[in-house]
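Asks: Fold the stuff below for me.
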Amino acid sequence: MLALLDAWFIAPFDYGFMRRAVVGGLALSLAAPTLGVFLVLRGMSLIGDAMAHAILPGVALGFLLAGFSLPVMSIGGVMFGVMVALLAGAVSKMGGQREDAAMASFFIISLAAGVMLISIGGSSVDLTHVLFGSILAINSTALLLIAGMSTLIVLTLAVIFRALVVECLDPLFLRGQSRRSGWVHSVFLGLLVLNLTAGFQTLGTLMAVGLMMLPATSARFWSKRLEGLIGIAVALAMIASTGGLLLSFHLDIPSGPSIILLAGSGYLLSALFGRYHSLAARWRRRTAPLPAEPST
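Replies: Coordinates of the predicted model:
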């Protein structure tokens, strides 16, 4: 029994690429789900997907200029992601269009532009690497960059935590208390872009948002408190990233989809058996005995 457990859970990490992959996945799991929880609270769940596509032209431009250089591609992704966020906000304010509608328009343009740039200067293999990532291929430089970005995100969230919570729950109150309330939203979008840029190397631009949103939406079935949501989301993301890597190693299947599908399985199980708002919770409420009427 011990030999079987060792073969499945310990032996794979004798390889350097597996150790780097699991550290990178755990680093992302600390930052991404926390941002996802705040996206869910703000009713902006699909904005994460839009921003994931917004960074693609910058990543593609960095690829054309320097090849598979993660620092250059990351800088390009951050620049284009911030630019798209600013443009969407400007169009929303000037034209009266909802910010999510403007963001959706820009993300479609960004996706097409990114794919076009990679197709012009690369091959189908290059396009697949950028769109779907390769967590098993990250080197020490990429690992340090991912860990550094995740650390910066977590520290910045700790600094703006109170203001961010107030902005999520009662934005009108925050605007009434300070004329500079808009900076909270801007910093949050910047952190979102930074996290997606860190995640594209491991999961690709198309699936980087999965590790952010699936654990966050799963946590809603288990807790109603903010600290509970964040803790459960981070734990689920860590389980998904580590478990997905092990499944990929033993079954010889792609690592990125394995991680996201395992996180998706966690979401489905939470929707079925979670403590709140799940099918099991509704069944328990229906079958619970009615309180006895007081005797007169």
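Asks: Helix, strand or coil: sort out the most centrally placed residue in the chain for me.
Replies: Nearest to the mean C-alpha position of the chain, counting by Cα atoms, centre = their mean, stands residue 212 at 2.2 Å. Here residue 212 is recorded as helix under DSSP: H, G, I helix; E, B strand; the rest coil.
Asks: Check the one 4 residues further on too.
Replies: Assigned state for residue 216: helix (three-state reduction, three-state DSSP).
Asks: oh, and call the first residue 627 from now on, that's how I've got it
Replies: Got it, first residue is 627 now, which makes that one residue 842.
Asks: now it: how far from residue 662?
Replies: Distance of residue 842 to residue 662, given as Cβ to Cβ, to the nearest Å: 3 Å. Glycine gets a C-beta too; all of them are placed from N, C-alpha and C.
Asks: Need the pLDDT of residue 779.
Replies: Model confidence at residue 779, given as pLDDT, is 94.
Asks: Could you pull up phi and psi at the closest residue in space to it that isn't next to it in sequence?
Replies: In space, residue 779 comes closest to residue 657 once its chain neighbours are excluded; the distance is 4.1 Å by Cβ to Cβ, 6 or more residues apart in numbering. For residue 657, the backbone dihedrals (degrees, to the nearest 10) come out as phi -100, psi -50.
Asks: Correct me if wrong: residue 657 contacts residue 776.
Replies: Yes. Counting by Cβ atoms under 8 Å, residue 776 is a contact partner of residue 657 at 4.2 Å.
Asks: who's more crowded, the two?
Replies: residue 657 (28 against 22; other Cβ atoms under 10 Å).
Asks: And residue 702, how far from residue 680?
Replies: Taking Cβ to Cβ, one finds residue 702 at 12 Å from residue 680.
Asks: The residue nearest to residue 779: what's it in contact with?
Replies: Residue 657 makes contact with 775, 776, 779, 780, 783, 821, 824 under the criterion Cβ atoms under 8 Å, 6 or more residues apart in numbering.
Asks: Check what pLDDT residue 905 gets.
Replies: In this model, residue 905 is scored at 90, pLDDT.
Asks: Leaving out sequence neighbours, find the closest residue to it.
Replies: Closest residue to residue 905 apart from its sequence neighbours, by Cβ to Cβ, 6+ apart: residue 898 at 5.3 Å.
Asks: Give me the three-state assignment for that neighbour.
Replies: From three-state DSSP, the assignment for residue 898 is helix.
Asks: check contacts around it.
Replies: Applying Cβ under 8 Å, 6+ apart to residue 898 gives the contacts 904, 905, 906.
Asks: how many neighbours does the last one have?
Replies: For residue 906, the count of nearby residues is 13 (other Cβ under 10 Å).
Asks: tell me which element it is part of?
Replies: helix 905-913 (DSSP states H and E).
Asks: between residue 657 and residue 776, what contacts are shared?
Replies: Shared contacts of residue 657 and residue 776, defined by Cβ under 8 Å, 6+ apart, comprise 821, 824.
Asks: What segments of the stretch 777-922 of the chain are strands?
Replies: Along the stretch 777-922 of the chain, counting by DSSP state E, counting those that start in this stretch, no stretch forms strands.
Asks: How much space separates residue 665 from residue 838?
Replies: 7 Å.
Asks: and for those two, which residues touch both?
Replies: Counting by Cβ under 8 Å, 6+ apart, the residues touching both residue 665 and residue 838 are residue 674.
Asks: circling back to that earlier point, could the contacts of residue 657 go into TSV alongside distance to residue 737?
Replies: Below are these laid out as TSV (distance: Cβ to Cβ, whole Å):
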residue	distance to residue 737
775	22
776	25
779	24
780	29
783	28
821	18
824	19
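Asks: Would you confirm that residue 795 contacts residue 668?
Replies: No. Using Cβ under 8 Å, residue 795 is not in contact with residue 668, being 9.4 Å away.
Asks: So between those two, which is more surrounded?
Replies: Higher neighbour count among residue 795 and residue 668: residue 668, with 16 against 12, using other Cβ under 10 Å.
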